[in-house]
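quick one, what's the 3D model for this:
(one chain, ligands or ions: 1)
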Amino acid sequence: MNKSRNKLMDILSCPTCHLKFSSDNKTCTSCKKTYSEYDGILAPINDSLIQEEIKKIIEKEKTIKEKIKDLIPMPDERLWSQSSKKIIKKILLEKDPQASNCYVVNMGSGVESFYKKIFSKHDSLIRIGIPHEGNVDAFGDAMQLPLRSNSVDLFFSSSVIEHLPDPERAVSELFRTIKPGGLIYAEIPFIGAYHMAPNDYQRYTISGIESLFNRHGFEMNEKGICSGPINALLLLVQHAIVEAIPFGPIQYILRLILTWVLHPFKYLDYVFNRFKWGEFLACNFYYLGRKPL
Ligand SMILES: [Zn+2]
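Numbering: from 1, shown residues only. Have a look, this model is predicted:
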């Protein structure tokens, strides 16, 4: 068993009664609820629609577009701000995923090369969610986390909250599962086109993010622009062009070319992110909050 899955076993719990349960028998000894397993990966999930979605992801045959994607992967469409990079580095030093008593969880996110590179250094970092790319240690529903209360030291949630039908419930679950003194680092889009994974429900302003997490008890440490206004404008233009093309493989190749061509302009955000103007038009924001002791 790999390191991250081993670590998950320490904090895994039944999403129905929140009590510790063993993954061996897939049945909670307290509430007797039995959970599924897909491809040898446990899925402690109650929502039948999410289970259907996982089955679809696993059974789906690769399209021509996906085969091209495997050969020529898409570079990151976003450029992370210097302040967000600094924070990610700082919190991974404070809450070291490799330390024995420290549990760092990546909730559903981290498919970009930016995160892949950072997370590859931490093989004890737990990943749960419904992945469209890469592996998870357990399939999980962000609105009903299969984790014990007060067990997580640091949660990463990048571009996940916009895809949840009930973000309030998800943030209350983050608050329940994080240890007192533990951290949540979230990235949520503000200006951006509709994107399906498989559904897209909401956007947040910089004040909206703070208010969302505050409502559930978190104390804000920092917030700011993660990807800036030029990034937002370029992605809108790119989406407007690409989405007009109905044929998947050509759509992918054009998106690939536009991402490469437009990428250098995104560095202008290193200047614009410093001004208030940047906050009015940013692509997405980051939020770092702490659960009070
Ligand atoms: Zn139970």
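
name the nearest residue to whichever residue of the stretch 101-250 of the chain sits closest to the ion, sequence neighbours excluded.
In the stretch 101-250 of the chain, no residue comes nearer to the ion than P146, which is 10.0 Å away by Cβ to the ion. Backbone N, C-alpha and C define where each C-beta goes, glycine included. Nearest non-adjacent residue to P146, counting by Cβ to Cβ, 6 or more residues apart in numbering: P44, 3.7 Å away.

again with K26
Y35 (5.1 Å).

who in this structure is up against the ion?
The chain comes close to the ion at residues C14, T16, C17, C28, S30, C31, as judged by Cβ under 5 Å from the ion.

go again with 8 Å.
Residues of the chain found near the ion (Cβ under 8 Å from the ion) are 13-19, 21, 28-33.

what's the closest of those residues to I68?
Nearest to I68 among these: P15, at 37.0 Å, using Cβ to Cβ.

which pLDDT value does the model give the closest one?
Note for P15: predicted pLDDT of 92.

what is the neighbour count of it?
Counted by other Cβ atoms under 10 Å, the residues lying close to P15 total 22.

run through who's touching the helix or strand that contains F114.
Assigned by DSSP states H and E, F114 falls within helix 113-119. The contact list for helix 113-119 (Cβ atoms under 8 Å, 6 or more residues apart in numbering) reads 73, 75-76, 78, 80, 88, 92, 106, 109-110, 125, 127, 134, 156, 158.

ok, longest strand in this structure?
Counting residues, the longest strand in the chain under DSSP state E turns out to be strand 178-189.

packing partners of that strand?
helix 82-94, strand 152-158, helix 206-215, strand 284-290 (3 or more Cβ pairs under 8 Å, 6 or more residues apart in numbering; DSSP states H and E).

phi first, then psi, for the residue nearest to K26.
Per-residue torsions, Y35: phi -110, psi 160 (degrees, to the nearest 10).

surely it touches A43?
Yes: the pair Y35 / A43 is scored as a contact, 6.1 Å apart, by Cβ atoms under 8 Å.

how close does Y287 get to S30?
According to Cβ to Cβ, to the nearest Å, Y287 and S30 sit 34 Å apart.

who has more neighbours, those two?
Y287 (26 against 14).

in the lowest-mean-pLDDT helix or strand in the chain, what counts as buried?
Across the helices and strands of the chain, mean confidence by mean pLDDT, DSSP states H and E is lowest for helix 64-71: a mean of 81. Residues of helix 64-71 classed as buried: I68, K69 (neighbour count, 16 or more other Cβ atoms under 10 Å).

contact partners of that helix?
K62, G248, P249, Q251, Y252, I253.

can you name the next helix or strand after whichever strand or helix holds L8?
Element membership for L8 (DSSP H and E) is helix 3-11. Downstream of helix 3-11, the next assigned helix or strand under DSSP H and E is strand 36-38.

by contact count, what packs against that following strand?
Using 3+ Cβ pairs under 8 Å, 6+ apart, strand 36-38 is in contact with helix 48-59.

so how far is the helix it packs on from its chain's centroid?
Mean C-alpha position of helix 48-59 versus that of the full chain (Cα atoms, centre = their mean, to the nearest Å) differs by 18 Å.

CA-only coordinates of it in CSV, if you can.
In CSV, the C-alpha atoms belonging to helix 48-59 read as follows (Å, rounded to 0.1, in the frame of the first residue of the first chain):
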residue,chain,number,x,y,z
SER,A,48,-26.1,7.8,-5.9
LEU,A,49,-25.6,10.5,-8.6
ILE,A,50,-21.9,10.8,-7.7
GLN,A,51,-21.5,7.0,-7.7
GLU,A,52,-23.0,6.9,-11.2
GLU,A,53,-20.5,9.6,-12.3
ILE,A,54,-17.6,7.6,-10.9
LYS,A,55,-18.8,4.5,-12.8
LYS,A,56,-19.0,6.6,-16.0
ILE,A,57,-15.5,7.9,-15.6
ILE,A,58,-14.0,4.4,-15.0
GLU,A,59,-15.9,2.7,-17.8
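
hang on, the earlier thing: for the helix holding L8, packing partners?
strand 126-129.
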